[in-house]
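In: Got a predicted structure plus its sequence, pasted below:
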Amino acid sequence: MPNGVNGVALAVFIIFFLAVTVMGFLASRWRRPDNEHSLDEWGLGGRSFGTWITWFLLGGDVYTAYTFVAVPAAIYAAGAAGFFAVPYTILVYPLIFTFLPRLWSVCHRHGYVTTADFVRGRFGSKGLSLAVAFTGILATMPYIALQLVGIQAVLDVMGVGGGENTNWFVKDLPLLIAFAVLAAYTYSSGLRAPAMIAFVKDTLIYIVIVVAITYIPMKLGGFDEIFAAADKKYTEAGAGGLFPAPAGQWTYATLALGSAMAMFMYPHSITATLSSRSREVIRRSTTVMPLYTLMLGLLALLGFMAVAAGVKIANGQLAIPQLFEDMFPDWFAGVAFAAIGIGALVPAAIMSIAAANLFTRNIYKDFIKPDATPAQEAKVSKLVSLLVKVGALVFVLTMDKSVAINFQLLGGIWILQTFPALVGGLFTRWFHRWALLAGWAVGMVYGTVAAYGVASPTQQHFGGSSKQIPGIGEIGYIGLTAFVINVVATVLLTFILKAAKAPEGIDVTSPEDYTADAAEAKAAPTLRPGTSPAPHPS
């Protein structure tokens, strides 16, 4: 760690930060609508983004500060087991190609802003809709916090804020300033701000990764030396060398599969999807998304490079920022730190907007003020987006930063429990609404209790996301186990409830809604969630 402030790197970081701040505020004038006081405009950018903007926004779900900080940090600490993020982003794209276009169509046809809107319309259940909204908000909070941890990591490595003994306010002041700026331009510009900044973010990320995987290996003697050093470290540590031990293969596979299924259940992923202007935009964007996975695999190698470079830090989250500090010239270290910092701002903005939309449409409007106007919805969503960020900031300032990734993985366990209602609902109406709600509750309780019982060297509870799979005996991802229990409970209860002729609720969607394109969706009457001139019970 540096003894003082790296002035050059800090100056470069500040220049980029100021540039994206200006862009964030100017974004409110980008494609400015006649009436901006609605969730469609503030929270979805007017549903007008084309292929490249959508691709950059969706890319923000892959390349966050978590990607830059936590994925290589996991490899730095545990070896190849940390590569689970690479196969899961390979698995996710064929999956989302099958259901995101259907979701886009039905949401545009009915004016849905959130996944909970769709669930309510499909199953006629406010309770199930509330469960989906609650889960989305709950799972998003630690994800936003992880972005702020990424910003704090680069600030720590640059020497900003003083040491551990510095007054807490002085130490955290730079993070508070970054938070305030993020909150201000998100409130002002809505989704247009991260959409505009995403261009700068991804350009910086690609430049940094390309330079890192060529420049750093040359300084370390090539990849042979890097892999040899990493293999030696993991072998001596009893981790089995570069490859994960056979005992960890179930964990690796289930974590990759479960994470792939959970990734586009997050509200911010759906927000980026619904902001696009046509069904074809979604299809084209998902076909080029694997370009991000290619770069993710290269980024993950930075964990091995940190080992070979002899990076020694107490907090693994600082491994990659410290590697950049040690290996790059000061000016380019500033560029790399800016890439991480901006890589945190973009997804944090989208996440806070998505969580706010869920609260506004599926809690405030459904249960508090059913007659809320579009302008009132937009105002409430703006205010809630601020509260969500404050909650994430409190988490960062009060919790141990080294466990941030475990809390984000806990969010993955939770959000995966909405998969049956959302993805299942896009293809079939067979599931009973009460069965889906009960299955969700069972999965949430099992996943939370199981994760609570996992200990680590630094935590007595919530120390990881893997535990023995009941009936199999192997160690696997808790989220996937909870999902299987969720599905089994949902199927069994659906048979029972259908046999008992329990009321199934009204489906306000029709089969053609799921394949409608932009012109058809625009021509159709916009329906508020839960209303329809022609209900479809099946």
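Out: Sure thing, it's come through.
In: What segments of the stretch 201-350 of the chain are helices?
Out: With helices called from DSSP state H, counting those that start in this stretch, the stretch 201-350 of the chain shows them at 223-236, 249-263, 267-274, 279-288, 290-300, 302-308, 319-327, 330-359.
In: do the same with the stretch 401-538 of the chain
Out: 404-416, 419, 425-427, 433-452, 478-499, 518-523.
In: In a markdown table, list these along with mean neighbour count.
Out: For the C-beta atoms, the positions are set from N, CA and C on the backbone; glycine is no exception. Shown next, in a markdown table, are the helices of the stretch 401-538 of the chain (neighbours: other Cβ atoms under 10 Å):
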| stretch | mean neighbour count |
| --- | --- |
| helix 404-416 | 24 |
| helix 419 | 20 |
| helix 425-427 | 19 |
| helix 433-452 | 21 |
| helix 478-499 | 19 |
| helix 518-523 | 14 |
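In: got JSON lines for those helices, with distance to residue 387 and mean pLDDT too?
Out: Converted to JSON lines, these look like this (distance: least, Cβ to Cβ, whole Å; pLDDT from 0 to 100):
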{"stretch": "helix 404-416", "distance to residue 387": "18", "mean pLDDT": "82"}
{"stretch": "helix 419", "distance to residue 387": "27", "mean pLDDT": "97"}
{"stretch": "helix 425-427", "distance to residue 387": "29", "mean pLDDT": "96"}
{"stretch": "helix 433-452", "distance to residue 387": "23", "mean pLDDT": "96"}
{"stretch": "helix 478-499", "distance to residue 387": "27", "mean pLDDT": "97"}
{"stretch": "helix 518-523", "distance to residue 387": "32", "mean pLDDT": "57"}
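In: which one of those lies closest to residue 186?
Out: Residue 186 lies closest to helix 404-416 among those, at 20.1 Å (Cβ to Cβ).
In: elements contacting the closest one?
Out: Here helix 404-416 touches helix 65-78, helix 126-157, helix 249-263, helix 433-452, helix 478-499, going by 3 or more Cβ pairs under 8 Å, 6 or more residues apart in numbering; DSSP states H and E.
In: With only the CA atoms kept, save it in PDB.
Out: C-alpha atoms of helix 404-416 as PDB (Å, rounded to 0.1, in the frame of the first residue of the first chain):
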ATOM      1  CA  ALA A 404     -19.100  -7.600   0.400                       C
ATOM      2  CA  ILE A 405     -19.000 -10.400  -2.200                       C
ATOM      3  CA  ASN A 406     -20.700 -12.900   0.200                       C
ATOM      4  CA  PHE A 407     -23.600 -10.500   0.700                       C
ATOM      5  CA  GLN A 408     -23.900 -10.000  -3.000                       C
ATOM      6  CA  LEU A 409     -24.000 -13.800  -3.500                       C
ATOM      7  CA  LEU A 410     -26.700 -13.900  -0.800                       C
ATOM      8  CA  GLY A 411     -28.700 -11.500  -3.000                       C
ATOM      9  CA  GLY A 412     -28.200 -14.000  -5.800                       C
ATOM     10  CA  ILE A 413     -29.800 -16.700  -3.700                       C
ATOM     11  CA  TRP A 414     -32.800 -14.500  -3.100                       C
ATOM     12  CA  ILE A 415     -33.400 -13.200  -6.600                       C
ATOM     13  CA  LEU A 416     -33.200 -16.700  -8.100                       C
END
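In: chain center to that helix: distance?
Out: Offset of helix 404-416 from its chain centre (Cα atoms, centre = their mean, to the nearest Å): 10 Å.
In: Where does the prediction get shaky in the chain?
Out: For the chain, the stretches with pLDDT under 70 are 1-3, 31-36, 61-62, 161-171, 238-241, 244, 399-405, 458, 518-538.
In: picking that back up, for the helices of the stretch 201-350 of the chain, which one sits closest to residue 370?
Out: Nearest to residue 370, of the helices of the stretch 201-350 of the chain and by Cβ to Cβ, is helix 330-359 at 14.8 Å.
In: Kind regards, and thank you for your time.
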